[in-house]
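K.L.:
Structure here, sequence nowhere to be found:
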């Protein structure tokens with residue numbers, strides 16, 4: 001097969017990620033097997049995945065950096081965004097094929113006219129809840145009537161609602177103080193301007209290290225929801241989509257195996273790729289990861305029903321419309 005080299009440059013606001021990738025093209029030889037033909041077709045397109053500065057996508061960073069993705073028959077272009085808004089804008093504009101995200105965002109995208117589908121779970125819940133170190137709050141039910149720093153219509157608000165409801169707190173006693181920017185929310189928590197906050201795990205870990213009290217940890221929050229790898233319907237409708245998704249999930253699984261065999265050996269790669277703050281580069285422990293699997297139906301339905309109840313969706317999104325299942 002004749003190979004043509006093609007350089008793909010992806011620009012993201014405030015972050016520039018340059019990756020050189022090879023895209024295979026050409027005609028299959030007469031003696032190609034069906035498996036070879038499928039692998040070749042998967043190589044004809046570089047897959048662009050957007051992510052935030054979190055550890056959720058680490059197996060794909062491993063697959064990319066160690067050549068596993070190319071051996072699986074795909075070229076990975078992983079683009080790091082500094083905010084969910086930038087990532088969502090790129091997905092809406094068709095600048096990326098897929099994205100690491102939570103369960104709330106894809107429902108918003110689909111309802112807004114940019115349909116996407118989950119191909120696998122990536123990690124447990126993306127965030128937890130902490131109380132400020134001098135707040136005197138030691139357990140989740142202590143947040144009844146207390147304004148908690150978060151952002152509405154997000155998975156953090158969902159986790160807060162679920163945790164407080166499970167603790168027996170009445171809906172009218174669940175209070176959110178709208179603080180969209182995470183660094184601002186973190187600083188307000190540290191300075192005592194708010195008594196509690198919902199934070200992604202990097203900020204959560206740093207807050208706890210500086211004296212904050214954990215109220216909803218990874219184990220508890222992950223009972224409610226998970227992060228997922230979403231692909232656009234546009235990408236999934238192309239003729240080679242099934243082969244490309246299969247290759248992508250194979251790369252994910254191989255990356256998972258490598259990490260789970262020795263998690264801490266990937267601490268430096270995580271710190272570099274996720275651009276972790278200096279205090280976290282050594283302190284943040286690399287987690288183990290699940291093999292590729294569709295998200296739990298009960299979690300998806302609970303999130304969808306919550307969004308309808310809150311008025312964030314006009315109607316619920318069915319599980320089969322949320323996930324991509326290969327036939």
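P.N.:
Everything's here; your move. Keep in mind that this is a model prediction, so the values were computed, not measured.
K.L.:
Ranking helices and strands of the protein by mean pLDDT, which lands last?
P.N.:
strand 15-24 (a mean of 30; mean pLDDT, DSSP states H and E).
K.L.:
OK, contacts around residue 319?
P.N.:
297, 300, 301 (CB atoms under 8 Å, 6 or more residues apart in numbering). In short, each C-beta sits where N, CA and C put it, glycine included.
K.L.:
Surely residue 266 touches residue 58?
P.N.:
Yes - applying CB atoms under 8 Å, one finds residue 266 in contact with residue 58, separated by 6.5 Å.
K.L.:
related to what we said a few turns ago, now the buried members of the contacts of residue 319.
P.N.:
Those of those that meet the buried threshold are residue 300, by 16 or more other CB atoms under 10 Å.
K.L.:
Could you export the contacts of residue 319 to TSV, including columns for distance to residue 149?
P.N.:
Converted to TSV, these look like this (distance: CB to CB, whole Å):
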residue	distance to residue 149
297	31
300	27
301	28
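K.L.:
Reformat the contacts of residue 319 as CSV; add secondary structure, pLDDT and distance to residue 255.
P.N.:
Listed next are the contacts of residue 319 as CSV, based on DSSP: H, G, I helix; E, B strand; the rest coil; pLDDT from 0 to 100; distance: CB to CB, whole Å:
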residue, secondary structure, pLDDT, distance to residue 255
297, helix, 97, 25
300, helix, 97, 24
301, helix, 97, 29
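K.L.:
and which of the contacts of residue 319 is nearest to residue 185?
P.N.:
Using CB to CB, residue 300 is the member of those that lies nearest residue 185, at 26.8 Å.
K.L.:
Surely that closest one is in contact with residue 322?
P.N.:
Yes - assessed by CB under 8 Å, residue 300 is found in contact with residue 322 at 5.1 Å.
K.L.:
Strands of the chain, start to end?
P.N.:
3-12, 15-24, 46-51, 75-80, 98-101, 116-124, 127-131, 147-150, 175-178, 196-200, 213-216, 226-232 (DSSP state E).
K.L.:
one step back: the more surrounded of residue 266 and residue 58?
P.N.:
residue 58 (25 against 20; other CB atoms under 10 Å).
K.L.:
Contact partners for the more buried one?
P.N.:
With CB under 8 Å, 6+ apart, residue 58 has these contacts: 255, 259, 266, 269, 270, 273, 286, 289.
K.L.:
Go through these and name the one nearest residue 315.
P.N.:
Nearest member of the contacts of residue 58 to residue 315, counting by CB to CB, is residue 289, at 33.4 Å.
K.L.:
got a pLDDT number for residue 269?
P.N.:
pLDDT recorded at residue 269 is 95.
K.L.:
Burial check on it, number of neighbours?
P.N.:
So residue 269, with other CB under 10 Å, has 16 neighbours.
K.L.:
Can you name the residues bridging to the nearest residue to residue 226 once chain neighbours are set aside?
P.N.:
Spatial nearest neighbour of residue 226, excluding adjacent residues (CB to CB, 6 or more residues apart in numbering): residue 121 at 4.8 Å. Residue 121 forms beta bridges with residue 228, as assigned by DSSP bridges.
K.L.:
Residue 121 and residue 89, how far apart?
P.N.:
25 Å (CB to CB, to the nearest Å).
K.L.:
out of the two, which sits in the more crowded spot?
P.N.:
For residue 121 versus residue 89, the count of surrounding residues by other CB under 10 Å is larger for residue 121: 21 against 14.
K.L.:
coming back round to it: give me the pLDDT for the residue nearest to residue 226.
P.N.:
Reported pLDDT for residue 121: 98.
K.L.:
Would you mind measuring from it to residue 293?
P.N.:
To residue 293, residue 121 is 6 Å away according to CB to CB.
K.L.:
For burial, what's the neighbour tally of the spatially closest residue to residue 294 that is not a sequence neighbour?
P.N.:
Residue nearest to residue 294 in three dimensions, not counting chain neighbours: residue 323, with 4.9 Å by CB to CB, 6+ apart. Using other CB under 10 Å, residue 323 has 18 neighbouring residues.
K.L.:
Then residue 248?
P.N.:
27.
K.L.:
again with the one 3 residues further on
P.N.:
Taking other CB under 10 Å as the criterion, the count of residues near residue 251 is 25.
K.L.:
For residue 171, see how far away it is.
P.N.:
For residue 251 relative to residue 171 (CB to CB), the value is 43 Å.
K.L.:
can you check residue 104 too?
P.N.:
For residue 104, the distance to residue 171 equals 18 Å [CB to CB].
K.L.:
Same check on residue 243?
P.N.:
In terms of CB to CB, residue 243 sits 47 Å off from residue 171.
K.L.:
And for residue 118?
P.N.:
Taking CB to CB, one finds residue 118 at 29 Å from residue 171.
K.L.:
Comparing these two, which shows the higher neighbour count?
P.N.:
For the pair residue 118 and residue 171, the greater number of neighbours falls to residue 118 (24 against 9), based on other CB under 10 Å.
K.L.:
any low-confidence regions in the stretch 1-150 of the chain?
P.N.:
Scanning the stretch 1-150 of the chain for pLDDT under 70 picks out 1-44.
K.L.:
Lovely, talk soon.
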